[in-house]
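Student: My questions are about this predicted structure, shown below with the sequence.
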Amino acid sequence: MEAIKTTNFELFDIIVNGEKEEKEKVKLVELEGWVKTNRDNGSIGFIEFNDGTCFKNVQLVYNKEAKGYEVLTALRTGAAIKVIGEVVLTPEMKQPFEIHVKECELEGDVADDYPLQKKRHSFEFLREIAHVRPRANTFQAVYRVRSVLSMAIHEFFQERGFIYVHTPLITTNDGEGAGNVFDVTTHDTKDPNYFYGRKVNLTVTGQLHVEPFALAFRDVYTFGPAFRAEHSNTARHASEFWMVEPEIAFADLSDNMDLIEDCIKYCINYVIKSCPDEMNFFNTMIDNTLLERLNHVLNSEFKRMPYTEGIEILKEAVKNGHKFDYNKIEWGMDLQSEHERYLTEQVVKGPLFLTDYPKEIKAFYMRLNDDGKTVAACDLLVPMIGELVGGSQREERYDLLKKKMEELGNDKELEWYLDTRRYGGCRHSGFGIGFDRLLMYITGMQNIRDTQPYPRTSGSIKY
């Protein structure tokens, strides 16, 4: 009988979900992958085997009758192998089947200093070996969910007729006006700005470039990397990260918040359904309240509260004895994560849109409210994280936007952006989701460095 070349994923799918006739065809199989553990009891041995196609391991069982028995007994964690074996159904056991090995071939051995062994390693240690950590269970789960969550983002917007726009990574502006940019230079001349004839930098947001597309296609989004040169060594900040930035025409702030709520719920539901094994792993090993919290979000109406009301609630909390690290609460301040978490965890006990922020602490492109003091902005706050999404209705009134930009001194370099208000502009809104933070929220991981394949943070870079 000739062995059928297959994968862990295909085997689990056939054995668990396949028809009887389909299962009966799978007798002798060929698998290629890596050893997770190897336990030889003398007369019989057991290998936990994974080929990267699904989170679950396949158990390989071998004895002295297997061709290549000497190779099998000597296999070390991390070794790459090819095996041919018989599929044996084990419905009474934890796993629905196992493979009884007939032949084994060593594809690639591992050195004595292979860093992943059968013990728990700290995340700090694993960050130092980013080229190996994808093989660790936690990161197998993280990066698989990262891939699935990326697909969820695209499917959400594509199903609703949005156009996907690739915005540039090299720009002439900093978008947010904060000045924390990475300059782009060359080394071929004494003038580092000669290539483009002016100073350029890596983008901090795709928003400004995607807005004109909303005025042509109505509903658009960009999803790509962004760069911010902030010396912020926190668990939630990285200098390179991915942003999801939709823009919708003929839409106000309320429409924007409706879309945010739909998007977040869709992504959570998509991941829970697509990655049940990984999500159960996170719920068991990382945060045993994770699935309960996510399901609570799915079944919650996202509350809405003006910034001014939030400030009054925080002031009252301080008056009643609550201690924040930053205890000086006043209107006009930029809320800290602890304040955001208090509002969402202690006050509304669920997701919360905080709206209508003071104009001084928000970006120039946000629409000025009728009170002249606040802008039509919203931040989505969620338990455990704080801010997850930031958005606003954009200032569509040419004169007001031009005046604000003149005050900031960016009206000349962003003249093209002002043109969009003169050439058939309309009310429009949009938001940004920090993709890595969304992944943190959905997986329960506590540090952004553990959601990115090769994290970029201030202080050092290895890869």
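Tutor: Perfect, I can see it now. Just so it is clear, the structure is predicted and the values come from calculations on it, not from any experiment.

Student: Might you list the low-confidence residue ranges for the stretch 101-250 of the chain?
Tutor: 177-179, 189 (pLDDT under 70).

Student: Strands along that one, start to end?
Tutor: 163-164, 170-171, 183-184, 200-202, 219-227, 240-249 (DSSP state E, counting those that start in this stretch).

Student: Starting from the third one, tell me which strands it pairs with and how they run.
Tutor: For strand 183-184, the paired strands and their directions (DSSP bridges) are strand 200-202 (antiparallel).

Student: try the first one
Tutor: Within its sheet, and counting by DSSP bridges, strand 163-164 is paired with strand 219-227 (parallel).

Student: got it, and the second one?
Tutor: Sheet pairing for strand 170-171, assigned by DSSP bridges, gives strand 200-202 (antiparallel).

Student: now the helices for this structure?
Tutor: Per DSSP state H, the chain carries helices over the ranges 8-17, 20-25, 69-74, 123-127, 137-159, 207-217, 253-274, 276-285, 290-298, 307-319, 337-341, 398-408, 415-422, 435-443.

Student: Most tightly packed of these?
Tutor: Comparing the helices of the chain by mean neighbour count (mean count of other Cβ atoms under 10 Å), helix 435-443 ranks first with a mean of 24. All C-beta atoms are positioned from the backbone trio N, CA, C, and that covers glycine.

Student: and it, how far out from the chain's middle?
Tutor: With Cα atoms, centre = their mean, to the nearest Å as the basis, helix 435-443 stands 4 Å off its chain's centre.

Student: ok and it relative to helix 276-285, angle-wise?
Tutor: Relative orientation of helix 435-443 and helix 276-285, computed by axes from the mean of the first three to the mean of the last three Cα atoms, to 10 degrees: 80 degrees.

Student: Any chance of TSV for the strands of the stretch 101-250 of the chain, columns distance to residue 111?
Tutor: Shown next, in TSV, are the strands of the stretch 101-250 of the chain (distance: least, Cβ to Cβ, whole Å):
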stretch	distance to residue 111
strand 163-164	43
strand 170-171	41
strand 183-184	39
strand 200-202	37
strand 219-227	34
strand 240-249	31
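
Student: still on that earlier bit, mean pLDDT for the helices of the chain: which is lowest?
Tutor: Within these, the stretch with the lowest mean pLDDT is helix 20-25, showing a mean of 83.

Student: That helix - contacts with which helices or strands?
Tutor: Packed against helix 20-25 by the contact rule (3 or more Cβ pairs under 8 Å, 6 or more residues apart in numbering; DSSP states H and E) you find helix 8-17.

Student: Can I get the strands of the stretch 101-250 of the chain in JSON lines including mean neighbour count?
Tutor: Formatted as JSON lines, the strands of the stretch 101-250 of the chain follow (neighbours: other Cβ atoms under 10 Å):
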{"stretch": "strand 163-164", "mean neighbour count": "16"}
{"stretch": "strand 170-171", "mean neighbour count": "15"}
{"stretch": "strand 183-184", "mean neighbour count": "14"}
{"stretch": "strand 200-202", "mean neighbour count": "20"}
{"stretch": "strand 219-227", "mean neighbour count": "21"}
{"stretch": "strand 240-249", "mean neighbour count": "22"}
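
Student: so which of those strands gets nearest residue 48?
Tutor: Nearest to residue 48 among these is strand 240-249; the distance by Cβ to Cβ comes to 32.4 Å.
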